[in-house]
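Participant: The following comprises the amino acid sequence and a computationally predicted model.
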Amino acid sequence: MRVKGGYAVGSGYLLGMDIGTTNIKAVLTTAEGERVASASRGNRLICPGRGMAEQDALQWWDSAVEIFRELGMKAGADGLAGIRAIAVSSQTVTLLPLDAQGVPLRNAVIWMDGRCGDELKELLAAVGRQRFVEIVGGQPDVAFLPAKLLWFKRHEPGLYARTACFVQANGYVNYRLTGRISLDLDQAARTQCMELSTLTWSDEIGRAAGVELGRLLPAPRQVTDVIGTVTEAAAAETGLPAGIPVAAGCCDALAAMYATGLCETGEAGESSGTTSLVFVGSEAPSAMDLPIVARPCPVKGVPYLFDAPVNTTGAAVRWYLDTLGQEEKRRAQETGEDVYALLNQMAKQAQPGSGGLIFLPYLRGERAPVWNPHAKGAFLGLSLNTQRRDMVRAIFEGTAYALRHVLETIEQAGAGTRLLRVAGGGAKSMTWAKIKASVLKMPVLLMDEQCGDVPLGDALIAGQAAGLFTDLSRQAKGLLRVRCVVEPEPAWSEVYDKLYPLYRSMYGHLEPDYEALSGI
């Protein structure tokens with residue numbers, strides 16, 4: 001067994017990659033979870049019209065190639081030669097049509113896109129809202145695939161006629177690696193094209209959209225299934241050795257769950273980044289007509305999983321910096337201090353409740369649990385006494401209220417929680433963690449820096465696909481470490497218990513006006 005850079009080459013490496021909305025990231029680890037190398041590239045968002053959000057699949061692949069080559073430079077030829085398997089996850093749900101040669105026919109229409117509101121109303125009128133929910137096991141939304149398919153067929157019929165199949169973002173990268181068209185079962189179940197009770201494509205929804213789902217959507221594969229191996233052509237382009245097994249993969253939410261070490265019921269996990277992915281294990285399935293639905297879960301110890309995407313958490317903090325935070329940026333540049341550390345200090349200096357200021361964090365609509373693409377962000381309670389630190393703290397508190405709304409909805413569906421694991425960028429803020437703990441009235445476990453990183457979850461899935469792990473959940477729990485436990489502050493909780501109902505009622509009062517505002 002040779003050793004390079006302190007790692008045993010013979011033990012084998014695992015490569016995980018995530019095609020995110022903001023970034024494409026990858027990590028190369030040992031089978032024991034030690035990070036060998038990592039790399040990332042930014043993702044460009046294309047907005048060709050109001051409410052439209054697209055990305056270029058060719059850029060996904062170009063960035064992936066650069067990342068693979070960077071990993072090769074960092075790990076060396078021996079490191080790449082030791083890769084036992086690759087797994088790729090991605091944002092979801094995406095509409096990406098490929099022609100018969102596997103070439104993208106247009107930019108990918110990603111989950112953030114809201115252009116197909118009229119088509120969604122038409123589908124619900126044809127199928128019936130209650131029947132639609134019974135079929136797909138979730139609330140209808142423009143983020144999902146049925147309305148996007150109808151929009152594409154209606155508005156771009158020439159391209160639709162040339163479409164051989166639709167794939168998700170990770171499916172496209174997997175295709176370029178292996179030459180195999182694929183779709184993992186995790187993402188398939190999230191498209192809202194599948195009858196969740198049978199895990200088959202829904203003829204009823206296909207007829208309503210006028211689309212042959214069974215012909216145009218690949219047959220789903222299990223997350224850890226090996227769909228193929230790196231081809232000679234892909235090897236020449238990426239620098240990877242040919243023949244490496246590639247797993248079907250999953251969406252970023254499931255990979256993030258693995259990366260937080262959540263493998264018991266009664267626990268909640270938050271992968272906190274630009275958006276937040278929230279998940280709670282459950283012993284039993286839920287009713288299908290709820291705002292958040294429990295789906296069968298492949299993780300041992302978690303028979304069913306509630307998972308809920310919250311659109312703008314870290315993105316709300318980023319928005320503040322980009323629009324109102326010029327003073328903080330200037331101070332950070334002058335002092336050399338991290339600008340996010342400055343925001344944390346500002347929030348810490350403000351009083352709990354932010355002087356009566358409440359922030360609705362719906363800057364890009366909202367998914368769980370309100371499923372309203374027309375929702376808007378708002379500061380409510382501004383006064384002449386409001387200071388910048390109050391606005392920063394209100395953003396932290398508003399996103400924590402959104403998290404409480406999700407967990408309360410899941411609890412009403414039958415799955416309670418006793419603690420929250422937080423991983424990702426949001427886990428770096430002790431102030432934000434203390435606010436979350438106090439809003440939720442439960443301990444918040446801040447995970448080690450490498451935890452929650454979605455590509456780490458992908459690497460664990462690659463290990464299962466390669467046959468290195470017999471129990472993936474136990475492996476994940478053994479590798480991932482808790483950095484610290486943050487307990488609720490009772491005095492803060494008392495304030496938040498008074499403000500949270502106002503947060504909910506303020507949204508309720510504004511909800512009827514959001515759609516009208518979007519139409520102006």
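Facilitator: Ah, there it is.
Participant: Could you pull out the strands in the stretch 1-150 of the chain for me?
Facilitator: 3-4, 7-8, 13-19, 23-30, 35-42, 54-55, 83-90, 96-98, 108-109 (DSSP state E, counting those that start in this stretch).
Participant: just the angle between the third one and strand 23-30, please?
Facilitator: Okay, so that is strand 13-19. In terms of direction (axes from the mean of the first three to the mean of the last three C-alpha atoms, to 10 degrees), strand 13-19 departs from strand 23-30 by 170 degrees.
Participant: Could you give the average pLDDT over strand 13-19?
Facilitator: Across strand 13-19, the average pLDDT comes to 96.
Participant: Could you give the separation of it from the chain centroid?
Facilitator: Counting by C-alpha atoms, centre = their mean, to the nearest Å, strand 13-19 is centred 16 Å from the centre of its parent chain.
Participant: Could you list every helix and strand that that strand packs against?
Facilitator: On a contact count with 3 or more C-beta pairs under 8 Å, 6 or more residues apart in numbering; DSSP states H and E, strand 13-19 meets strand 23-30, helix 57-81, strand 83-90, helix 169-178, helix 252-260, helix 454-465. C-betas here are computed from N, CA, C, even on glycine.
Participant: again with the last one
Facilitator: In terms of contacts (3+ C-beta pairs under 8 Å, 6+ apart), strand 108-109 is packed against strand 54-55.
Participant: ok so, going back, relative to residue 436, which of the helices and strands packed on strand 13-19 is closest?
Facilitator: When the helices and strands packed on strand 13-19 are compared by C-beta to C-beta, helix 252-260 sits nearest residue 436, at 14.4 Å.
Participant: Who are the packing partners of the closest one?
Facilitator: So helix 252-260, by 3+ C-beta pairs under 8 Å, 6+ apart, packs with strand 13-19, strand 83-90, strand 267-272, strand 276-282, strand 304-310, strand 419-423, helix 454-465, helix 472-479.
Participant: can you tell which of those is closest to residue 372?
Facilitator: Closest among the helices and strands packed on helix 252-260, using C-beta to C-beta: strand 304-310, at 12.6 Å.
Participant: so where does the residue lying closest to residue 152 once chain neighbours are set aside fall, helix or strand?
Facilitator: Leaving aside its sequence neighbours, residue 152 sits nearest to residue 160 (C-beta to C-beta, 6 or more residues apart in numbering; 5.7 Å). Under the criterion of DSSP states H and E, residue 160 resides in helix 157-161.
Participant: can you give me the offset of stretch 224-235 from its chain's centre?
Facilitator: 25 Å.
Participant: repeat for stretch 88-101
Facilitator: With C-alpha atoms, centre = their mean, you get 16 Å for stretch 88-101.
Participant: Now do it: distance from first to last residue.
Facilitator: This stretch, stretch 88-101, spans 22 Å end to end (C-alpha to C-alpha, to the nearest Å).
Participant: avg pLDDT for that stretch?
Facilitator: On average, stretch 88-101 scores 96.
Participant: do the same with stretch 52-70
Facilitator: 97.
Participant: Residue for residue, what is the longest helix this protein has?
Facilitator: Longest helix in the chain by number of residues (criterion: DSSP state H): helix 490-518.
Participant: Could you point out which residue ranges in the stretch 401-520 of the chain have low pLDDT?
Facilitator: Low-confidence segments of the stretch 401-520 of the chain, defined by pLDDT under 70: 449-452, 470-479.
Participant: okay if I get the helices and strands packed on strand 13-19 as TSV plus distance to residue 344 and mean neighbour count?
Facilitator: Formatted as TSV, the helices and strands packed on strand 13-19 follow (distance: least, C-beta to C-beta, whole Å; neighbours: other C-beta atoms under 10 Å):
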stretch	distance to residue 344	mean neighbour count
strand 23-30	22	23
helix 57-81	30	19
strand 83-90	29	28
helix 169-178	33	26
helix 252-260	22	30
helix 454-465	24	30
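Participant: Quick check: which of the ones you listed is nearest to residue 156?
Facilitator: For the helices and strands packed on strand 13-19, the distance to residue 156 is smallest for helix 57-81, at 15.7 Å, taking C-beta to C-beta.
Participant: which residues touch the closest one?
Facilitator: Applying C-beta atoms under 8 Å, 6 or more residues apart in numbering, the contact partners of helix 57-81 are 2, 4-5, 7, 9, 13, 15, 17, 19, 24-26, 28, 36-41, 43-44, 96, 104, 107-108, 169, 172-173, 176, 237-241.
Participant: Just the buried ones from those residues, in PyMOL syntax?
Facilitator: Remark: buried members of the contacts of helix 57-81, expressed as a PyMOL selection using 16 or more other C-beta atoms under 10 Å:
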select buried, resi 7+9+13+15+17+19+24+25+26+28+36+37+38+39+40+41+43+96+104+107+108+169+172+173+176+237+238+239+240
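Participant: contacting residues around residue 213?
Facilitator: Taking C-beta under 8 Å, 6+ apart as the criterion, residue 213 is in contact with 193, 201, 202, 203, 205, 206.
Participant: oh, I was asking about residue 123
Facilitator: Counting by C-beta under 8 Å, 6+ apart, residue 123 makes contact with 132, 140, 146, 147, 150, 205, 208, 209.
Participant: In a markdown table: those residues, plus pLDDT and neighbour count.
Facilitator: Converted to a markdown table, the contacts of residue 123 look like this (pLDDT from 0 to 100; neighbours: other C-beta atoms under 10 Å):
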| residue | pLDDT | neighbour count |
| --- | --- | --- |
| 132 | 96 | 23 |
| 140 | 91 | 19 |
| 146 | 98 | 29 |
| 147 | 97 | 27 |
| 150 | 98 | 21 |
| 205 | 97 | 25 |
| 208 | 97 | 19 |
| 209 | 96 | 26 |
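Participant: For the stretch 201-350 of the chain, which segments are assigned as strands?
Facilitator: 220-221, 226-229, 245-247, 250-251, 267-272, 276-282, 294-296, 304-310.
Participant: By mean pLDDT, show me the worst of those.
Facilitator: Among the strands of the stretch 201-350 of the chain, strand 294-296 scores lowest, at a mean of 82.
Participant: Give me the buried positions along the longest helix of the chain.
Facilitator: Neighbour-count burial for helix 490-518 [16+ other C-beta under 10 Å]: 492, 493, 495, 496, 499, 500, 503, 507, 510, 514, 518.
Participant: Who are the contact partners of the closest residue to residue 388 other than its chain neighbours?
Facilitator: In space, residue 388 comes closest to residue 346 once its chain neighbours are excluded; the distance is 6.7 Å by C-beta to C-beta, 6+ apart. Residues counted as contacts of residue 346 (C-beta under 8 Å, 6+ apart) are 328, 388, 389, 392, 393.
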